[in-house]
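Participant: This is a predicted model, with the sequence first.
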Amino acid sequence: MKIFLDANICLDLLDSKRATSSVSIEWYMQHKDDASISFYFSSDFITTFYYILTEKRKYRASEVIATIEALSFEIIPFYLAHNDFIDAKNDFLDEVFNDFEDLMVLNSAVRCGCDSFITNDKKLLELREFKKMKVRGVIV
């Protein structure tokens, strides 16, 4: 099984002071050692993680880089492709969903072959499914 983690889940894993962090960490810890599961996140999130953790949360840059590197060993960064943009554009114009950035990531997760997309984003959770990929929240 392939599971794609949204940026909000990864940030919860990187920053335990976030309000939703404990639930996300508990969910991840319950699943991380399951050999039948591979975890992915968008490599595009790396710059977002760095910015939020250094500029907004004021963590030291070297610590943030080391933490992101450690995350990348457990959760595989999956790189965006131009087709993700094309598919997101078409979905956006077809009014499948109204958040273009999320559509880019969702299409990337589909291209990755993921079975599930895990998020805390309420709007995304309303989709429940995107191109046969389940959209779920963390359930403890």
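Facilitator: That came through, no problem. Numbers count the residues shown, from 1 in each chain.

Participant: So for stretch 28-38, mean pLDDT?
Facilitator: Averaging pLDDT along stretch 28-38 yields 96.

Participant: Buried residues, it. List them.
Facilitator: By 16 or more other CB atoms under 10 Å, the buried positions in stretch 28-38 come out as 28, 38. C-beta here means a position set from N, CA and C on the backbone, and glycine is covered the same way.

Participant: what's the spacing between it and its chain's center?
Facilitator: Centre-to-centre, stretch 28-38 and its host chain are 15 Å apart (CA atoms, centre = their mean, to the nearest Å).

Participant: Please list the outside residues in contact with that stretch.
Facilitator: Outside stretch 28-38, the residues within contact range by CB atoms under 8 Å, 6 or more residues apart in numbering are 1-3, 9, 13, 39, 74, 76, 138, 140.

Participant: ok, these vs Tyr59, which is closest?
Facilitator: Tyr59 lies nearest to Leu13 out of those, by CB to CB, at 14.0 Å.

Participant: which residues are in contact with the one helix or strand the closest one maps to?
Facilitator: Element membership of Leu13, judged by DSSP states H and E, is helix 7-14. When contacts are defined by CB under 8 Å, 6+ apart, helix 7-14 is touched by residues 18, 20-21, 23-25, 28, 41-42, 45, 48-49, 52-53, 64, 67-68, 71, 75, 105, 118-121, 138.

Participant: Return a PyMOL selection command for the buried portion of the residues you listed.
Facilitator: Of these, the buried ones can be selected in PyMOL as follows, counting by 16+ other CB under 10 Å:
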select buried, resi 18+21+23+24+25+28+41+42+45+49+52+53+64+67+68+71+75+105+118+119+120+121+138
